[in-house]
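K.L.:
Attaching a predicted model along with its sequence, questions to come.
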Amino acid sequence: MNAVDKEVLLTEVRKAIGTVLDPEFGIPVDDLGLIYDLRIREGEVSIQMTLTTQHCPAGEVIVNGVKAAVESLPSVRQATVTLVWDPVWTPNMLSARARELLGWG
Amino acid sequence: MHPAAALGATHDAKLPLAFIAFGIGSLAHALACLALEPSLILQPHISPGVLSLVHAWVPGFLVSVCLGACYQMMPVVLGVPLACGGWRRWAHLSAHGVGVTILISGFTRGHYEWVAAGGALVALGIVSFAHSAWRTFANSPRRDAIAWSFPISATWLVATVVLGVVMAVDRRWGLMGLPAMRLLPVHAHIGLAGFFLTLLQGVAFQLVPMFTMGELRRPRFVTGGLVATQVGLVCLASGLVFGVHAVALFGAGVLAGGIVSSGVAFFATLHSRRRKKLEPSLTSFAIGAALVPVAAIFGLILLATRVANETPSVVPAYGIVIIAGALSFVVMGMLGKIVPFLVWMTAYGPKVGRQKVPVAAALSSKACERAWLIAHAAGVALAVVAAANGSAVGARIAAWILTAGGLIYFWNLVRVARHLLRRGPFAPVTPVFQT
């Protein structure tokens, strides 16, 4: 996979992740700042992500949703989602769009 | 905490939804009784009709909903699986449902052997619940006020139900000659403050930041509030049982201090929210929380003065402020967030990332939530005024407004629950966790 193809796939993966919304706030998980790292190697995608709280009751659904959304792309063979708590998520990680949606702009 | 712990602890939403459904059925029964006999608002708190109504509303509705919510939240908040098997949780629901039904029928017909039998079944379930709460808590590494609120509130609930059963046995067979009029306020206050307030003083600080994207503020006030409530309640209950007025008054004062301490932390936490606009459900929760200190001041006045003896009609008004006011606003507000979430998890959770799904909040109609909130607030305010003044017309209008609000509330929940019928196939995928 050349650099251009990799960049195109990266954009597709980000777009797919953007379809997964937090069920309470209706904001895409990437806008919430939950995606910490994204790597692609030979059609295999590895994602490091967190949750807004360790006690998030929708955590399993969100994590599984990210994996499913990425694996739905034809050019992705497998996606691995790794859940991390370091660094701890804070509201400062929200994107400008997320802040606007929350009325916090 | 291991990264997987937060996820591995979650479980099926069917049991919490079943407890909630039973609770909603009990509320419907209570509101139907009130609509058919509005004079219940004016009757003395020891009359059979009022006892039946109060037990349909409190153990039937409020306790059932809180039990369902606890079974859902305990493993999530404590970060470990529930320390009891699925069959035991379903057995608890069965015992609770049958027990509460017998209990309410017993009060309605004045058959105290039914009350004792129904109460004993409820107590069996509650003991099992408290055992699970303590064991789950023991397995958890979390030791803040939020975590402690689960086992402590469960213990108060055991004490409340056991005392209730003992009182019913004594009333029916007169074996012990207990001072029922002295024990009744103890039974009521250890239930209302011991179970509901203790739970609220913990769980509110988990739920409010979660639903508003805020953060816990003033954690020392949270701990202080919980501790003061426990100390105050022990003194209040001891003072009432042994008839030592000064001890009861001191306990009520400390309890009120605990409520103020938690209130300071609650409104500071609410103020930290990133989602600026409060939805009707969260507004209801906040109104309920604000009514708790009002109820505490009301109770202090009743205890410190002779108002209750000179004007007995203020006692039902006090009960309405606590039960239909503070606690119902909190619990019904919480339900307005929890039910759409549990239904969403069951109906749409498995489809996330595979197809477009609605957000949980969209399942509930905000217009219905607002209409219920206005009707319930108006109904409670009118019921308090009518009870205090002994107004039959006011009581009738208040009962009808409360029932109308209840119908709107039920209709909205039915609309939410209809999404369960739209379930599709589930293909699970398992994430990998970093150790």
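P.N.:
Received it, and whenever you're ready, just let me know what you need. Just so it is clear, the model here is predicted, and its values are computed rather than measured.
K.L.:
okay, CA-based contacts and neighbour counts for the rest of this
P.N.:
Will do.
K.L.:
With adjacent residues omitted, what lies nearest to B:A130?
P.N.:
B:A154 (4.9 Å; CA to CA, 6 or more residues apart in numbering or on different chains).
K.L.:
What's the separation between the one you found and chain A?
P.N.:
Going from B:A154 to chain A by CA to the nearest CA, to the nearest Å gives 21 Å.
K.L.:
Which helix or strand contains that residue?
P.N.:
For B:A154, the element it lies in under DSSP states H and E is helix B:145-173.
K.L.:
need the next SSE after that helix, C-terminal direction.
P.N.:
Helix B:145-173 is succeeded, C-terminally, by helix B:180-189 (DSSP H and E).
K.L.:
Tell me which residues of that next one come out buried.
P.N.:
For helix B:180-189, the neighbour count (16 or more other CA atoms under 10 Å in any protein chain shown) marks B:183-184, B:186-187, B:189 as buried.
K.L.:
Chain A: which of those is nearest?
P.N.:
B:H189 (31.1 Å; CA to the nearest CA).
K.L.:
so what's that closest one up against?
P.N.:
B:H189 is in contact with B:233, B:237, counting by CA atoms under 8 Å, 6 or more residues apart in numbering or on different chains.
K.L.:
that older thread, in terms of secondary structure, what does the helix holding B:A154 contact?
P.N.:
Other helices and strands packing on helix B:145-173, by 3 or more CA pairs under 8 Å, 6 or more residues apart in numbering or on different chains; DSSP states H and E, are helix B:64-78, helix B:112-139, helix B:180-189, helix B:198-212, helix B:219-242.
K.L.:
thinking the residue nearest to B:A130 is in contact with B:F129, fair?
P.N.:
Yes - counting by CA atoms under 8 Å, B:A154 touches B:F129, with 7.2 Å between them.
K.L.:
In terms of packing, which of the two has more residues around it?
P.N.:
Between B:A154 and B:F129, counted using other CA atoms under 10 Å in any protein chain shown, the more crowded position is B:A154 (28 against 25).
K.L.:
what about the helix holding B:A154, average pLDDT?
P.N.:
The average pLDDT for helix B:145-173 rounds to 96.
K.L.:
For B:V208, which non-adjacent residue is closest in space?
P.N.:
Excluding the flanking residues, the one nearest B:V208 by CA to CA, 6+ apart is B:L270, at 6.7 Å.
K.L.:
secondary structure element for that neighbour?
P.N.:
If you go by DSSP H and E, B:L270 is part of helix B:245-271.
K.L.:
Show me which positions of that helix end up buried.
P.N.:
Using 16+ other CA under 10 Å as the test for burial, helix B:245-271 gives B:245, B:247-271.
K.L.:
now the helices and strands packed on helix B:145-173 in JSON lines, with mean pLDDT and distance to B:T160?
P.N.:
Converted to JSON lines, the helices and strands packed on helix B:145-173 look like this (pLDDT from 0 to 100; distance: least, CA to CA, whole Å):
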{"stretch": "helix B:64-78", "mean pLDDT": "93", "distance to B:T160": "15"}
{"stretch": "helix B:112-139", "mean pLDDT": "97", "distance to B:T160": "9"}
{"stretch": "helix B:180-189", "mean pLDDT": "91", "distance to B:T160": "5"}
{"stretch": "helix B:198-212", "mean pLDDT": "92", "distance to B:T160": "13"}
{"stretch": "helix B:219-242", "mean pLDDT": "96", "distance to B:T160": "11"}
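K.L.:
Quick test: name the residue nearest the centre of chain B.
P.N.:
Among the residues of chain B, B:L62 comes closest to the average C-alpha position under CA atoms, centre = their mean, at 4.1 Å.
K.L.:
close enough to count as contact, that residue and B:S328?
P.N.:
Yes - the pair B:L62 and B:S328 passes the contact test of CA under 8 Å, sitting 7.3 Å apart.
K.L.:
tell me the angle of the helix or strand hosting B:L300 relative to helix B:198-212?
P.N.:
Following DSSP H and E, one finds B:L300 within helix B:280-304. Here helix B:280-304 runs at 160 degrees with respect to helix B:198-212, directions being taken by axes from the mean of the first three to the mean of the last three CA atoms, to 10 degrees.
K.L.:
Great, nothing more from me.
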